[in-house]
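Novice: Take a look and give me a structure for this.
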Amino acid sequence: MRFRGLLIAGLLCFGTAHATDAGRALAQRSVCLACHQVDAKRVGPSFRDIAIRYAGNEAAAEYLARTIRDGSRGLWGAIPMPAQRHVDPATALQLAEWIMTLVPKVEPDENAGPADPAVEAGAAAGRAPAGKTDIAAPVTGEKS
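Specialist: Reported below is the predicted structural model:
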């Protein structure tokens, strides 16, 4: 019985790794990696940053597939993304669905209260929620 559980866990990990490898290979064949990387900004944003920005949006894959084919301007800075008409619509959707799998998995804290999606999205993007920072008050050297 224990062996069966290990086997299933191994197959699940292999399936996830295989999907990641297949997505990366598809991005390579589609010439996406000329401007994007999975975890780092290059000319355009990283695929992980894109996934984080659109996490929780049910229409994200369709939107991203359209953006891949039609291009975009001003969403990630001054450099526009040119239309990628060489990528057929089905491949663009596969790429977009793969990108959306790159959202980091966050383990829920058992002691935390209900999650605030806006706070979680900002934290994942490295931003503090509005009005909430962990910066201490400046030290002035005066004793009170």
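Novice: Make sure Gln84 is indeed in a helix.
Specialist: No: counting by DSSP: H, G, I helix; E, B strand; the rest coil, one finds Gln84 to be coil, located in no helix.
Novice: which one is it nearest to, not counting chain neighbours?
Specialist: Nearest in space to Gln84, with sequence neighbours left out and distances taken as CB to CB, 6 or more residues apart in numbering, is Ile68 at 5.3 Å. The way it works is simple: take the backbone N, C-alpha and C, and place the C-beta from them, glycine included.
Novice: Could I get the contacting residues of that neighbour?
Specialist: 32, 84, 87, 92, 95-96 (CB atoms under 8 Å, 6 or more residues apart in numbering).
Novice: Try it again at 6 Å.
Specialist: Contact analysis of Ile68 by CB atoms under 6 Å, 6 or more residues apart in numbering lists 84, 87, 92.
Novice: does the second one count as helix, strand or coil?
Specialist: It stands for Val87. coil.
Novice: related to what we said a few turns ago, if I look at the residue nearest to Gln84, how far off is Asp21?
Specialist: 20 Å (CB to CB, to the nearest Å).
Novice: same check, this time on Glu107
Specialist: In terms of CB to CB, Glu107 sits 24 Å off from Asp21.
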